[in-house]
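>>> Got a predicted structure here, sequence first:
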Amino acid sequence: MFSMSLLTIVQFIIVLNLASAYLLCYDCDAGLECEDPKGHHVRVANCDTKYPNAVQNNEKLICLTLGIKVLEGRGFGFGKSGFYRGCNVIPSSVNEEDFCEYFTDKHKSHRLTIDSCQFCNVTRCLPPSV
């Protein structure tokens, strides 16, 4: 018969709470799996590990989804247009509502255009339709 002490149950709850304190985002490059990460069991990245100093620097961790059109095939990822998902941070100097404009301006290139930018900040979240 399986029995747990109250202490074991409390320890288990604490571990679950600590594990859920991290922001986990889908992490993928252009392709069908990135369009529907839940349906294709896309890998997940731990944003707290990827950006360990974000909280100390008053930066906000986010899950970012970009719709990118690659104009030239060299020098960017796999050279594929489509959705890209992953962790990112909103710098403390940027207002949240201005982040996508800031990000798009920062990454302007003759090789690619960012057609859409959305973000959210809950584990495994998918921003509104891009």
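Sure thing, it's come through. Only a predicted model underlies this, so the values are computations on that prediction, with no experimental measurement involved. Numbers count the residues shown, from 1 in each chain.

>>> C-alpha from now on. contacts and neighbour counts both.
Noted.

>>> Tell me where the protein has helices.
Secondary structure of the chain (DSSP state H): helices at 6-19, 32-35, 47-50, 99-106.

>>> Give me the residues contacting the third one.
I take that to be helix 47-50. The contact list for helix 47-50 (Cα atoms under 8 Å, 6 or more residues apart in numbering) reads 22, 23, 24, 25, 54, 61, 62, 87, 88.

>>> Go ahead and measure how far that helix is from the middle of the chain.
Between the centre of helix 47-50 and the centre of its chain there are 10 Å (Cα atoms, centre = their mean, to the nearest Å).

>>> Run through the residues that contact the most centrally placed residue in the chain.
Ranked by distance to the mean C-alpha position of the chain (Cα atoms, centre = their mean), the top residue is residue 63 at 2.6 Å. By Cα under 8 Å, 6+ apart, the contact set of residue 63 is 24-26, 85-88, 119-122, 124-126.

>>> what do you get for residue 46?
Counted by Cα under 8 Å, 6+ apart, residue 46 has contacts 22, 23, 24, 25, 87.

>>> how about a cut-off of 10 Å?
22, 23, 24, 25, 26, 27, 52, 86, 87, 123 (Cα atoms under 10 Å, 6 or more residues apart in numbering).
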